[in-house]
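Novice: Take a look and give me a structure for this.
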Amino acid sequence: MKNNHTGFCCQKRIFGLLKKNMERSSVLTSVFLENGIVIMLEACFFFAIFDSMTKYFVQSFTMGEVAFVRFGFGALMMAPSLLRNWSGIAKKDYFWLVLRGLMGAMAFYMYFLALQTGTLSMTMVLFFTSPFWALLMGALFLRERLTRQRILCVITAMVGTTVLIHPQGGISISYVFGLACGVMGGMNAVLTRHLRARHSSGVIYGFQCMVGTLFSLFFIVGSTHLPPWADGSLLLVAAIFGLLGQVAMNHGLRFIRAAEGSTLMMAEVILTTMTGILLFEEPFTFTFVVGTLAILGSGIYLGLKTGNETIEIDQE
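Specialist: Below you'll find the predicted structure:
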């Protein structure tokens, strides 16, 4: 009897510990998979790793090779979702989906060229001017209203951009590539906003990866090479982090407003800037701080004060 009682007590303790562990696991799952703020910060972390690894790859791979793996891996992972929803795509939307895919591919190439000719930190700050270009293009093409607050934010961001690139001494080609990436990112956001009324983010991103993969073939035919095993593995890891960032960002926007999401994504700039300064020994100057604060500050104000209609930053 005593042994039976002891065994029963042990089982009770074990079940009690299992129950507590399951409760803790449920809490952790809730925090990391259902908390919009945490999920958006996770996306920033994943994108920052992707950005840093891409900067490292500019010396080892051509931009066509990096783009092919980045988009090709995404297309492979998103193919089931895209195929399931293919019949629901209207003929009139194919043009916009292809155009968005081309814009996304071109934005990535501009981003790669900016990293190749300039610094990681400056490239990311200039890319994050995309919400302001999106506002201007949204007003032009989607007839969205430009309020005084939005106009002030755009002007502040432009002043910050001018401080960063200091055009008096001539504009570096890397700044041109970085700004071009921001402009195309803004156009991508407008096209996404137009398509989201009829299609899921999975369909849009899947089409983006498919078009990007096909577009990248023009840059690798005849010039590609088989990389060492270590470099090839790192390139695949970078593609995984890029996809994780995209999935996390799309998932996070289910729990919070787009305006809040775009504000939280500004953390990516902070993470990549720290990486650029600490790992790549990039300069950290007073003008860089002033210009960055003007761009990010106006972006944060835009996200928090101008309501739900703010167009989110597009990372695709």
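
Novice: Using CSV, write down the CA coordinates of stretch 270-290.
Specialist: Taking Å, rounded to 0.1, in the frame of the first residue of the first chain, the C-alpha atoms of stretch 270-290 are listed here in CSV:
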residue,chain,number,x,y,z
ILE,A,270,18.7,50.8,-35.8
LEU,A,271,19.8,47.2,-35.8
THR,A,272,21.5,47.3,-39.2
THR,A,273,23.2,50.7,-38.3
MET,A,274,24.7,49.1,-35.2
THR,A,275,25.8,46.1,-37.3
GLY,A,276,27.4,48.4,-39.9
ILE,A,277,29.3,50.4,-37.3
LEU,A,278,30.4,47.5,-35.1
LEU,A,279,31.1,44.8,-37.7
PHE,A,280,31.9,46.7,-40.9
GLU,A,281,33.5,49.7,-39.2
GLU,A,282,31.3,52.2,-41.0
PRO,A,283,31.6,55.9,-40.0
PHE,A,284,29.2,57.3,-37.4
THR,A,285,29.1,61.1,-38.0
PHE,A,286,27.1,64.0,-36.7
THR,A,287,25.4,64.5,-40.1
PHE,A,288,24.5,60.9,-40.2
VAL,A,289,22.8,61.1,-36.8
VAL,A,290,20.9,64.3,-37.7
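
Novice: mind listing what's buried in that stretch?
Specialist: Applying a neighbour-count criterion of 16 or more other C-beta atoms under 10 Å, one finds 271-273, 275-277, 282, 288 buried in stretch 270-290. (Each C-beta comes from the backbone N, C-alpha and C, glycine too.)

Novice: out of those, which are inside helices?
Specialist: Using DSSP state H to define helices, the subset of those located there is 271-273, 275-277, 288.

Novice: just these now: which is nearest Arg254?
Specialist: Nearest to Arg254 out of these is Leu271 (C-beta to C-beta; 22.9 Å).

Novice: Distance check, the closest one against Gln208.
Specialist: Applying C-beta to C-beta, to the nearest Å, one obtains 23 Å for the distance of Leu271 from Gln208.
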